[in-house]
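S.K.: What follows is a protein structure lacking sequence information:
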C-alpha cells in the first residue's frame, strides 16, 4: 500500500511537472511571459479578428458595436450578421479601385504584420531630427525600389504624402510658375485617371490650370507656354506603359507610377524620371492608410513639395508612417518576393478568366497588353492589369455603362477618363467575391449574346 | 523510508501544483492564454518601451536602429545614448506648441491606451457605410463635447481632417464665394496664429485672399464685400477668450477652438457657432497623429468641406481614425475627468511659476487673464494658458526675441503673430525639461535685472 502510494505520488508529480513545462514554454518561448501593458489591447484585437464573417466580410476594432460586439462588414452582395446571406439579383460593383484582393495575404501574415502602438507613441509634431519624415521608412522605401528594380532612388529626395493623392497637387503646385503672366497648363493623355482633372480644377490657383488632352499640344512650338504633363505608367484605366509626350525646356512631367509593381505589369527597367509618385494603396493594398511618396530629382521642387505638405497638413500622420514602415518591412522580409508572387498570381488568374470570357464575345472587347520580359520575375510574362478597359463594339451600344448596368455590372463610365462612353473600366483588384460576381454577370451577358440564358451557365 | 519518500513525493507534487496555478493565472486572467498572432508585436513594443532614456527622452518602435536597438530620442539639452547627459549652456527651446506635457499621462495609462492594429485593418478606401469617416469616432466626439460642455454638437455635421490644419483651409474654401467678381477677404485680429495668413496665401485661389487685421474692416458698411473672419478662442498666442468682430450677412466666421479645453481655460458655456474647429493635438497631446474635426451647421458648407478633404487626401487615414478613437475612449473612461485634472493641474502650476518669476521683473510683463467660473470644474479658476505672451517693457528692448535669445531662451517672435517685436510667445506645453529650462534661464534674466548673477540662484 505504501509502495503503491509512493508510485502514485511520483506519478502525480511527474504529470504536474510536464504541465509546468508546457505552461512555461507557452509563456516564455511564446513571448507572453514578459507582456504587461499591451496584453489587454492584444486580447481585444485578437477577439475582433476571430469574429466569424463567413469568409465574406470581416469585423474591425473600430467597427460599429451592436450587442457589445463589433459588426461584420460584408463584401458586396452579402449581408446578415455574419455575412453568410448571399443577396440575389445584386449587381457586381467593380467601380472602385479598392485593392481588397490583397487582404487574404495579410491575414495569412498576421503575426509579422501586427502592430502595437503605445499610448505615447510619437506625440510630437516632429521626429527626433526635427523633420516630419521617418528616416527608417525612407530607408525601407529606397531598399524596396532597389529590390524590385522599378525606380531609381539614388540622388532623389523623398517627399511623403497623405496618399499619393496629396502629392499629385503638391507636384503641380511645385512645378507651376510663380509670377508668370500665364498660368502653367496641366495636360494628360486620354484615357486618364479622373482625379488629375478634378483635383487640379478644384485647387486651381493663378499659377496653373487644367488644359486637357496632351495630344492637342503635341506639336506646340511655343516654348513660352509652360506645360505640366501627367504621365501614368502603367496607365489607369488601360494598363499600358506610357512615356511623356511633350519635351523641351518648358515641358515638365509628373510620372504617376501607382501601378508600377510586378502585380500589374512587367518591370522593364528602373524608372529614371525627375518626379515619380508611388502609393502604398496599390503596392500592399492598404488604401485606407493614406500613404504615398514622391521621388524628386530637383532640390527646389522637393522643397516646394515639402512646404506644400507642411502648409496643408503639417506632414503625414506619425501613425500612418509607423504602419507603412511595418507593412513595407513585411514586404521586404525573406527574399522580398512573397507578396509579389501572391499578387501577380492572383491578378494573372483573374485576367485570364476575364479575357477568356470576353474572347467568346463579339459585343465586348478588352484592351490588349503584349507579353513582356520582366526583370523582377526574370521571364516573359503575360498581362495582369488592375483594370479591364472594356469596349462595347456594337453600334447601338454607345452607352456601354448602361449595357453593363442592365446586365448587373457597375463599372466606371469611360467619359470619366476623357474617353468615349463606349468604354467602361472594370476594377479587377477588389475582393474575390467582387471578381466572382463580375465574372458571373459577364458570362450571362456573353451567353445572352449567343442566344443563351442564365440557366445555361 | 517508504513513508518519507511518500511525503517527499507529495510535497514535490503540491509545489508543482502551486507553480501550475501561478502559471495558469498568469496566462488566463492576464489574458495571455488566448494570444497568438499579436504576441510578437506586443513583445516588440514592450521591449522598446522598456528602453531606459533616463526620464529625459524615449525610444520609439520606428526610431533609428543602432546596434540592433532603437535609439533614445532626447528632450532638448539632453543627449547621450540614454539621454542622461545634460548639455551645458544650452538654450531653452520654447518656440513650438508641441504638447509633450501630456506624455507622462499616457505613460501612466499604458494599458488602456495601447492599440493593436492587425495587418489587414481597414485596407479599403471606405468604411462599411461607404463613407470615409468612422461613425464610432463621431459618436465619441459628440459624447466628449457633451461631457466637457465646450461645444454644441446637436444639429451639427462633423468633418474630419488630417489635423485641424487641413480643415482651416477647407473652411476658407467652403465659405468663399464661387463666381464672385471679387474674392472673399480673409481677416483675423492681432495677435493671431501665423498659419491663417501663411496657409491662406499659399493656397490662394481666385475666390479668396488674405487681407489682414480685422479691425481695419470693423466699420465696413459695404455689404457686398464678403469677409471670412478667423476667431481663435482661447486665442493663440495670448489665451484671451474672443468673439467675432464682424457681423452681418456678408461676414462669416471660422471659430478655431484648438485650446478650448479645461487644460487651458475656464469653460464658460458650450460654444454655439456655425463653424467650430478642434484638434486632437491640444486635447490629448497627440500632435503627431494629425487629427482634427469641424462642427458645421450649414449643410452646403459641410458638403464643400467634405469634397475638399476628399480631393485633397481622399479623407483621413483609417489608422489615424482608429488611434483617435482609442485615445478619446481613454479620455471618456470613468468620470471622463482624469486627463483634464492632470492637464489643468500641470498648466496651472506652470503658469504660477512663470508669472511669479515675471512678477519680480520690471523688464518683462505677461498677459493678464482674469479668474473665471468654469462650468466643467464648477469653480472659479485662475489662468492656465498654453503660452506666455511676454512683453519687453524697456524702451531699448524693441527686439524682445533677441533679448531672450541672449538670455538663453528661444521663443517665437511677436511679429509672426502680426504684433510688434516687443512681444515673444513662450510655449508652456512642452515637456517638463523644456519648462524647467525656460524657468531657469528666465530667473537668471530677472536676477540680472536686479543686479544679481546666475550664482545667486
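M.R.: Everything's here; your move. Keep in mind that this is a model prediction, so the values were computed, not measured. Numbers count the residues shown, from 1 in each chain, chains lettered A, B, ... in the order given.
S.K.: make it CA atoms for all contacts and neighbour counts henceforth
M.R.: Noted.
S.K.: wait, residue A:299 sits on residue A:158?
M.R.: No: here residue A:299 lies out of contact with residue A:158, judged by Cα atoms under 8 Å, at a distance of 10.3 Å.
S.K.: Looking at the two, which is more packed in?
M.R.: The residue with more neighbours, out of residue A:299 and residue A:158, is residue A:158; 22 against 12, by other Cα atoms under 10 Å in any protein chain shown.
S.K.: How about the secondary structure of the more buried one?
M.R.: Using DSSP: H, G, I helix; E, B strand; the rest coil, the structure places residue A:158 in strand.
S.K.: Any figure for the gap between the residue lying closest to it once chain neighbours are set aside and residue A:305?
M.R.: Excluding the flanking residues, the one nearest residue A:158 by Cα to Cα, 6 or more residues apart in numbering or on different chains is residue A:295, at 4.9 Å. Note on residue A:295: its distance to residue A:305, by Cα to Cα, to the nearest Å, is 11 Å.
S.K.: Mutual contacts of those two, please.
M.R.: Here residue A:295 and residue A:305 have residue A:159 as joint contacts, going by Cα atoms under 8 Å, 6 or more residues apart in numbering or on different chains.
S.K.: what about those two, which has more around it?
M.R.: residue A:305 (28 against 25).
S.K.: I figured that one hits residue A:161, correct?
M.R.: No: Residue A:305 lies out of contact with residue A:161 (Cα under 8 Å); the separation is 9.5 Å.
S.K.: which neighbours do the two share?
M.R.: residue A:167.
S.K.: Next, the residue nearest to residue A:158: secondary structure please.
M.R.: Classified using three-state DSSP, residue A:295 is strand.
S.K.: so what does the helix or strand that contains residue A:168 touch, helix or strand wise?
M.R.: Counting by DSSP states H and E, the element that carries residue A:168 is helix A:163-175. When contacts are defined as 3 or more Cα pairs under 8 Å, 6 or more residues apart in numbering or on different chains; DSSP states H and E, helix A:163-175 packs onto helix A:195-202, strand A:251-256, strand A:275-279, strand A:292-296, helix A:299-313, helix B:299-313.
S.K.: Out of these, the one nearest residue A:286 is which?
M.R.: Taking Cα to Cα, strand A:275-279 is the member of the helices and strands packed on helix A:163-175 nearest to residue A:286, at 9.2 Å.
S.K.: How far away from the center of its chain is the closest one?
M.R.: Mean C-alpha position of strand A:275-279 versus that of the full chain (Cα atoms, centre = their mean, to the nearest Å) differs by 13 Å.
S.K.: got the contact list for it?
M.R.: With Cα under 8 Å, 6+ apart as the criterion, strand A:275-279 contacts A:163-164, A:167-168, A:253-258, A:291-297.
S.K.: Partner strands of it, with direction?
M.R.: Take DSSP bridges as the rule and strand A:275-279 pairs in its sheet with strand A:251-256 (parallel), strand A:292-296 (antiparallel).
S.K.: among those, which is the most enclosed?
M.R.: Per residue and on average, the most neighbours among those fall to strand A:292-296, with a mean of 25 (mean count of other Cα atoms under 10 Å in any protein chain shown).
S.K.: remind me which residues of the stretch 151-300 of chain A are low pLDDT?
M.R.: A:179, A:219-224 (pLDDT under 70).
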